[in-house]
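**Student:** below: sequence and its predicted model.
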Amino acid sequence: MRKSILFIICAMLIALPQGACFAQEREAGVFRVMSFNVRTWTRDTDRDSDAHWRKRMEAMERMIIDADPDIICFQEMLFPATRYVPDGYRRVSGVNVSHPIFVRKGLGYSGHSTSIYWESCLVEGVQVINVHSRWEKDVMLRVVRQVNGRLKGRSLACGDWNVSLRSLKEAGLNMSSAREMLGVPEVDTFANFTRAESHGAIDHFFVDGLTPVSYMMVTDGYGCTRISDHFPIVLEVRR
């Protein structure tokens, strides 16, 4: 009887749906960070449309559970969309409501700082900086200076920078592109809801004093055509 019960439990576990991209277990000392411009509100007011914000946030919740990040850096994440963040996370920054940082409950955090274009928090000894910048050159240069000024030991900066990697390098950002370090080809991270053209790769991960392990972009809509006009990007780093 005991063997039969064990067999049934194993069969159920095998049958459970899994996101193939996230199925692999993490190594000890590795944590997973997600950067995602949610764009809470859209002009689509049709509740039956898969672009309606509630349907997209329901899809986002499923995606987060599947991706299982330790840290989530949101951009354009406003109430009541924050209600769709799974229960296993807590908000550790977000004076500027546009770009809060959420971490898995149980992780240690301190030292919250904020600016109009970024939020930062020390999470388990790593300075996490969540950026939501703009494309104007003067804004970009100001954000780069401010991020450079916050680098203290192990640091990670991510978000919707709204400019290319090349532009950020030319602006003097003192961090390394995690995607480039891993040899991952550049792919557009922006995909407009209504137009075919893209703005290119404008969402980035940068690290200092950390070792990137893997990088990916989530293109599955989890029941929607697109969860947002930005694709979530996910980075695993070793401390």
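**Tutor:** Perfect, thanks for sending it. Not measured: the values here are computed from a predicted model.

**Student:** any weak-confidence spans in this structure?
**Tutor:** 1-24, 43, 94-97, 194-197 (pLDDT under 70).

**Student:** ok, the most centrally placed residue in it - contacts?
**Tutor:** Note on the chain: the residue nearest the mean C-alpha position is residue 35, at 1.5 Å, using Cα atoms, centre = their mean. Contacts for residue 35 (Cβ atoms under 8 Å, 6 or more residues apart in numbering) come out as 73, 75, 130, 158, 159, 160, 203, 205, 232, 233, 234, 235. C-beta coordinates here come from the backbone N, C-alpha and C atoms, glycine included.

**Student:** work out for me the element it sits within.
**Tutor:** strand 30-37 (DSSP states H and E).

**Student:** repeat that for residue 166.
**Tutor:** Under the criterion of DSSP H and E, residue 166 resides in helix 165-170.

**Student:** ok, back up a step: bridge partners for the residue nearest to the centre of the chain, pull those for me.
**Tutor:** Under DSSP bridges, the beta-bridge partners of residue 35 are residue 73, residue 233.

**Student:** related to what we said a few turns ago, may I see the buried residues of the strand holding residue 35?
**Tutor:** 31, 32, 33, 34, 35, 36, 37 (16 or more other Cβ atoms under 10 Å).

**Student:** could you do stretch 40-51 as well?
**Tutor:** Those buried within stretch 40-51 under the rule 16+ other Cβ under 10 Å are 40, 44, 51.

**Student:** now do stretch 112-129
**Tutor:** Those would be 114-115, 117-123, 126-129, for stretch 112-129 by 16+ other Cβ under 10 Å.

**Student:** so which of the residues you listed would you say is closest to residue 84?
**Tutor:** residue 119 (19.4 Å; Cβ to Cβ).

**Student:** the closest one - nearest residue in space that isn't next to it in sequence?
**Tutor:** Nearest residue to residue 119, sequence neighbours excluded (Cβ to Cβ, 6 or more residues apart in numbering): residue 93, at 4.4 Å.

**Student:** check residue 236 too.
**Tutor:** In this structure, residue 236 finds its nearest non-sequential neighbour in residue 213, 4.1 Å apart by Cβ to Cβ, 6+ apart.

**Student:** which strand or helix spans the one you found?
**Tutor:** Going by DSSP H and E, residue 213 is in strand 211-217.

**Student:** which residues does that strand contact?
**Tutor:** By Cβ under 8 Å, 6+ apart, strand 211-217 touches 21, 27, 30, 178-179, 181-182, 184, 187, 189, 205, 231-238.

**Student:** mind running it again at 7 Å?
**Tutor:** 21, 30, 178-179, 181-182, 184, 187, 189, 205, 231, 233-238 (Cβ atoms under 7 Å, 6 or more residues apart in numbering).

**Student:** can you map out the helices along this structure?
**Tutor:** 2-15, 53-67, 137-150, 165-170, 178-181 (DSSP state H).

**Student:** can you list the buried residues in the fourth one?
**Tutor:** Okay, so that is helix 165-170. Going by 16+ other Cβ under 10 Å, helix 165-170 has these buried residues: 165, 167, 168.
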